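Participant: Kindly return the folded structure for what I paste below:
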Amino acid sequence: MTEPIWTPSPDRIAQANMSAFLRYVGGESGWSYPDLYAWSVMHPEQFWPRIWSFFDVIADERDGRRWDEVVRGLDRMAPPDPELGPRWFLGARLNFAENLLRYRDDRDAIVAWNESGRQRRLSFAELYREVAVVASALREQGISAGDRVAGFMPNVPEAIIAMLAAASLGAVWSSCSPDFGAQGVLDRFGQIEPKVLFCTTRYRYAGKEIEVGDRVAEVVRRIPAIERVVVVPYGDGQADNGVIPKAESWEDFMSGRGTPELAFERLPFDHPLYILYSSGTTGLPKCMVHGGGGTLLQHLKEHGLHTDLKRDDRVFYFTTCGWMMWNWLVSALASGSTIVLYDGAPFSPDNATLWDMAQQEGITVFGTSAKYLA
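Facilitator: Numbers count the residues shown, from 1 in each chain. I've put the predicted structure just below:
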């Protein structure tokens, strides 16, 4: 192949975020993309602060400064002791959830689909309010910075709400999808000992309702650190909490709180945000901790510059809560874009399901897996 399949128009190029960023960093000198790439590689200590300012990251400001030092130890890869390796934006304090919830208007923030079609819409204002309620409940449960909160959840809005609520407090979020067996969940959550577990007792795949309440009950019995289980209803029926120890329904967990103020805990740049896992093909899955500041900056760069997300975009990625692309998709909220969720089998009831959804929702960015394409 010698010709690109598609080339953007000159007008689209001129209006792209990447073009604006080239003007922002290159001034009147007329930087090209290769110029930008070379500069970002050779001078990351200059590049990343410009990403921060271009995307207007929300953070503490003291005497006009957002940090004390851009990077320390840049000449070293991180050894086992992270205090001796490269550390970025020392002295900065920010909150990941605050940056994802910066928009609070009536535009769609989340649109959720499953095999039966569209299930729910949430505006940015509604999302903010629901996160505030769940954060208040988690705080009452005793959750604070550094505690772990986990989700054994389908790809539904409640998973995002729970994650953002945990992150607003500085808690660390980790999730698995409900197609994992009990041992697969224990292999992961057993290492991190979450205090609160969000779950459902069923999920839907390829037209079948699959019960997972017994799996949840086994996980809770075998991880004593879990103090509270919040059971989210799925589909038309209400969740059956009876089989699960320490369980409370999503509705009861949120009830009686009105509209509390959402107070964001601003934390050091590298404060843990997510725990993700390796595949587990060579022994237990390995825990991989991602910091809030690094995740935010990297995703703002990927979404803003490489994907050219703007407020009018509607972004979809075919993923579960057990794959890192779920984390990537959620970060599109920081750009003010609408994210579209799909839960279920991609070819149910037929092969056109996801494309029908894309047409009806006006999706502008469609992401999927190699397996789907195969």
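Participant: CA atoms only for the lengthiest helix in the chain, dumped as PDB, please.
Facilitator: Counting residues, the longest helix in the chain under DSSP state H turns out to be helix 124-140. Provided in PDB are the C-alpha atoms of helix 124-140 (Å, rounded to 0.1, in the frame of the first residue of the first chain):
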ATOM      1  CA  PHE A 124     -22.600  15.600  33.100                       C
ATOM      2  CA  ALA A 125     -24.700  17.300  35.800                       C
ATOM      3  CA  GLU A 126     -26.500  14.000  36.700                       C
ATOM      4  CA  LEU A 127     -23.100  12.200  36.800                       C
ATOM      5  CA  TYR A 128     -21.700  14.700  39.200                       C
ATOM      6  CA  ARG A 129     -24.600  14.400  41.500                       C
ATOM      7  CA  GLU A 130     -24.600  10.600  41.600                       C
ATOM      8  CA  VAL A 131     -20.800  10.600  42.200                       C
ATOM      9  CA  ALA A 132     -21.300  13.000  45.100                       C
ATOM     10  CA  VAL A 133     -23.900  10.700  46.700                       C
ATOM     11  CA  VAL A 134     -21.800   7.600  46.400                       C
ATOM     12  CA  ALA A 135     -18.700   9.400  47.600                       C
ATOM     13  CA  SER A 136     -20.700  10.500  50.700                       C
ATOM     14  CA  ALA A 137     -21.700   6.900  51.400                       C
ATOM     15  CA  LEU A 138     -18.100   5.700  51.000                       C
ATOM     16  CA  ARG A 139     -16.800   8.400  53.300                       C
ATOM     17  CA  GLU A 140     -19.400   7.300  55.900                       C
END
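Participant: So what's the gap between that helix and the chain middle?
Facilitator: Offset of helix 124-140 from its chain centre (CA atoms, centre = their mean, to the nearest Å): 16 Å.
Participant: Report all helices and strands that that helix contacts.
Facilitator: If you count contacts as 3 or more CB pairs under 8 Å, 6 or more residues apart in numbering; DSSP states H and E, helix 124-140 packs onto strand 108-114, helix 157-168, helix 250-254. C-beta: built from backbone N, CA, C; applies to glycine.
Participant: Please state the backbone phi and psi of the closest residue to Thr320 other than its chain neighbours?
Facilitator: Leaving aside its chain neighbours, Thr320 sits nearest to Ser177 (3.7 Å; criterion: CB to CB, 6 or more residues apart in numbering). The phi/psi pair for Ser177 (degrees, to the nearest 10) reads phi -90, psi 160.
Participant: Quick check: pLDDT value at Ser177.
Facilitator: Looking at Ser177, its pLDDT reads 96.
Participant: State the number of residues packed around it.
Facilitator: 21 (other CB atoms under 10 Å).
Participant: what's the answer for Phe152, then?
Facilitator: Neighbourhood size, Phe152 [other CB under 10 Å]: 30.
Participant: next one: the one 10 residues further on
Facilitator: One way to gauge burial is a neighbour count; for Ala162, by other CB under 10 Å, it gives 29.
Participant: Check whether it really touches Ala150, as I assumed.
Facilitator: No - the criterion here is CB atoms under 8 Å, and Ala162 misses it with Ala150 at 9.3 Å.
Participant: Now for these two: what residues contact both?
Facilitator: Here Ala162 and Ala150 share the contacting residues Trp173, Phe198, scored by CB atoms under 8 Å, 6 or more residues apart in numbering.
Participant: Can you tell me the element the most centrally placed residue in the chain falls in?
Facilitator: Central residue of the chain (CA atoms, centre = their mean): Asn327, 3.2 Å from the mean position. Assigned by DSSP states H and E, Asn327 falls within helix 324-330.
Participant: Next one, pLDDT for the residue nearest to Gly190 when sequence neighbours are not counted please.
Facilitator: Leaving aside its chain neighbours, Gly190 sits nearest to Ile223 (5.7 Å; criterion: CB to CB, 6+ apart). Here, the pLDDT recorded for Ile223 equals 98.
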